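Peer 1: Got a predicted structure plus its sequence, pasted below:
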Amino acid sequence: MNILVTAGPTREFIDPVRFISNRSSGKMGYAVARAALMRGHKVVLVSGPVSLQAPDGLAVVRVVSAAEMQSAVEAGVDGCDALVMAAAVSDWRPARVHANKLKKRSAPATLDLEPVPDILMGLASRKGGRIFVGFAAETENLLDEARAKLNSKNLDMIVANDVSRTDAGFEVDNNAVTFIPAHGEAMALPLMSKDDVAERLVKWIEARRK
């Protein structure tokens, strides 16, 4: 299969020095890309700014902003059989990007934000027979929020993870997630390495394609 994976955070700049971002390390997305590659699939990884090294043989498209990630995913989706959207794309960005560094004495008291277009929602009309998997990183109402995203984005499955935990989720090597398919029962996985979560996810995609 041709599998398109996204990973890492995005950065939405306020000025050339400052930006809005999040705690995503990219480890989960890189683990998915690595697992798919090791299982013989052709993988393209769209990566936000992270400090991780991609394995040999992996095609990597490096991006910074949500707009750049959207462009890269839109360019690659028609050639893929499955899309795994593991990136933590910013939900908001500054309404205005300042050309020069804002000085403390003249910086605005408030920062106007605008919503970032949802990449998966925008791709719903191009899904066809492709498998779309999303991720839901939440701190409360995990399963309800994840199911709402699953339905609104026309996904085949969403991976829900509680990022309020200190032993799983952002910035660590382990994760404790729940696979919530569009059809069938949810499956809660115990705490395990992100590599193990990734392998289970890729196997689920393989079974779905049969």
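Peer 2: Ah, there it is. A quick note: this is a predicted structure, and the numbers were derived from the prediction, not measured. Residues are numbered from 1 along each chain as shown.

Peer 1: where exactly do the helices run in the protein?
Peer 2: 27-38, 66-76, 119-122, 142-152, 194-209 (DSSP state H).

Peer 1: and the shortest one, which residues are buried?
Peer 2: When you say that, I think you mean helix 119-122. I119, L120 (16 or more other C-beta atoms under 10 Å). For glycine as for every other residue, the C-beta is placed from the backbone atoms N, C-alpha and C.

Peer 1: Which strands or helices does it pack on?
Peer 2: Secondary-structure packing of helix 119-122 (3 or more C-beta pairs under 8 Å, 6 or more residues apart in numbering; DSSP states H and E): helix 66-76.

Peer 1: And the fourth one, by the same measure?
Peer 2: Helices and strands touching helix 142-152, as assessed by 3+ C-beta pairs under 8 Å, 6+ apart, comprise strand 131-138, strand 157-162, strand 177-181.

Peer 1: cutoff 10 Å now
Peer 2: helix 119-122, strand 131-138, strand 157-162, strand 177-181 (3 or more C-beta pairs under 10 Å, 6 or more residues apart in numbering; DSSP states H and E).

Peer 1: sorry, back to before: so which of the helices of the chain is the most packed in?
Peer 2: helix 27-38 (a mean of 25; mean count of other C-beta atoms under 10 Å).

Peer 1: ok, C80 to H183 distance?
Peer 2: From C80 across to H183, the span is 21 Å (C-beta to C-beta, to the nearest Å).

Peer 1: nearest residue to L4 other than its sequence neighbours?
Peer 2: Spatially, and ignoring its direct neighbours in sequence, L4 is nearest to C80 (4.0 Å; C-beta to C-beta, 6 or more residues apart in numbering).

Peer 1: Show the pLDDT at that neighbour.
Peer 2: The model reports C80 with a pLDDT of 98.

Peer 1: could you dump the helices and strands packed on helix 142-152 to a markdown table with mean pLDDT?
Peer 2: Output for those, formatted as a markdown table (pLDDT from 0 to 100):
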| stretch | mean pLDDT |
| --- | --- |
| helix 119-122 | 95 |
| strand 131-138 | 96 |
| strand 157-162 | 95 |
| strand 177-181 | 97 |
